[in-house]
Structure formats: structure tokens, C-alpha cells
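Visitor: below are the sequence and a predicted model; questions follow.
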Amino acid sequence: MLKSIRKAELKDLPQILVLIEAHAVYEQSEISSLVELEQRLRDTMFGRYPKIQCLIAEHEGLIVAYASFISQYSTWEGVEYLYLDCLFIKEECRGLGLGKAFMQRIQAQARHQSIDLIQWQTPVFNKNAISFYRGLGAVDKPKHRFFWKVT
């Protein structure tokens, strides 16, 4: 039986990193060094002034899903919104309602912060996620995301 979703704690970071790596593979992407990533996430998720929030779901002592999100601001809209950075559920746990439960928790957090918009993106090839998000009533907009490395 899956436990309820809860806020991630520092002790969860090693298992979250495993899921982040699996998420990157799933999205046909790459991540930086796990050692460096662990230190950066230690600071940004669990440091004195956390910048990103992370929720996890457990099954039999193992973390099987995570979602991370941050507050951002839209100058076009003139409002703050929550940006869902990642939502990943291990394949064997998909279809159990975890995605909807995560989204409801994030929606509740937005309400708590008096925010009325959540944004995110997913790869165009992730048809299951697109269908899931549309099923929630979310709408998508075509856009390209660019990455420009500052050296």
C-alpha cells in the first residue's frame, strides 16, 4: 500500500537522486554529476532558505515518486505562479492515482500561497503525461524551450 504524499526531508535526498536520474533517462535527457547535484539540492531544497519545494510518495520504505516546484513571477500576467519543475512516478506505480494526488497537493499549496496559476511543461513525446494533464483540465501552449549555457 502506498503511503500518503509528504514533504521531502534531507534524509530522502539519496532516493530522490535515484528518481531524478530515472526521470532524466525517461525524458531522454542528461543530468549533471550526481555528487554535484546532491550538494546543490541539499542547499536549495533543505538549506537555510529553501528555493524549491519537494514532495515524495513512499511504498514499503522506498520513495517511488517525487514532485518539485517553485514560486515564479510572470511579468506578462503581473502575477506569481507555481512552476512544477518535475513530477516523476516509477513506472510500476503509475495508474494508481499518485499523479492526481501530487497535483492536488500542489494546487493546495498554491491556494495556501494565494496563487491561482500553476505552470509546467512535458516533452512532446510524453503522450501519457499530456493526456493526464489535459484530463485535469489543464491547457497547453506550443512553445520551444531554449537552453543557453553561461560560461
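Guide: Yes, it's here.
Visitor: wait, Leu10 sits on Asp43?
Guide: No. With contact taken as C-beta atoms under 8 Å, Leu10 and Asp43 are classed as non-touching, separated by 10.9 Å. Where C-beta positions appear, they are placed from N, C-alpha and C, glycine not excepted.
Visitor: show me the contacts for the residue most central in space within the chain.
Guide: Residue closest to the mean C-alpha point of the chain, counted by C-alpha atoms, centre = their mean, is Cys86 at 2.4 Å. By C-beta atoms under 8 Å, 6 or more residues apart in numbering, Cys86 lies in contact with Ile20, His23, Tyr66, Ala67, Ser68.
Visitor: any idea how far Tyr133 is from Glu21?
Guide: For Tyr133, the distance to Glu21 (C-beta to C-beta, to the nearest Å) stands at 23 Å.
Visitor: more neighbours, these two?
Guide: With other C-beta atoms under 10 Å as the criterion, Tyr133 and Glu21 differ in neighbour count, and Tyr133 comes out ahead with 20 against 14.
Visitor: summarise which helices and strands the strand of greatest length in the chain is packed against.
Guide: The strand spanning the most residues in the chain, taking DSSP state E as the definition, is strand 62-74. Judged by 3 or more C-beta pairs under 8 Å, 6 or more residues apart in numbering; DSSP states H and E, strand 62-74 is in contact with helix 13-26, strand 53-59, strand 79-89, helix 98-112.
Visitor: let's see it as CSV, backbone CA atoms only.
Guide: Included here for strand 62-74 are C-alpha records, laid out as CSV according to Å, rounded to 0.1, in the frame of the first residue of the first chain:
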residue,chain,number,x,y,z
LEU,A,62,11.2,3.3,-0.8
ILE,A,63,10.4,6.6,-2.5
VAL,A,64,8.5,5.8,-5.6
ALA,A,65,7.6,9.3,-6.8
TYR,A,66,8.5,12.9,-6.4
ALA,A,67,7.3,16.4,-7.4
SER,A,68,9.3,19.6,-7.1
PHE,A,69,8.0,23.1,-7.6
ILE,A,70,9.0,26.7,-7.1
SER,A,71,7.3,30.1,-7.0
GLN,A,72,7.9,32.3,-10.0
TYR,A,73,6.6,35.6,-11.4
SER,A,74,5.1,36.4,-14.8
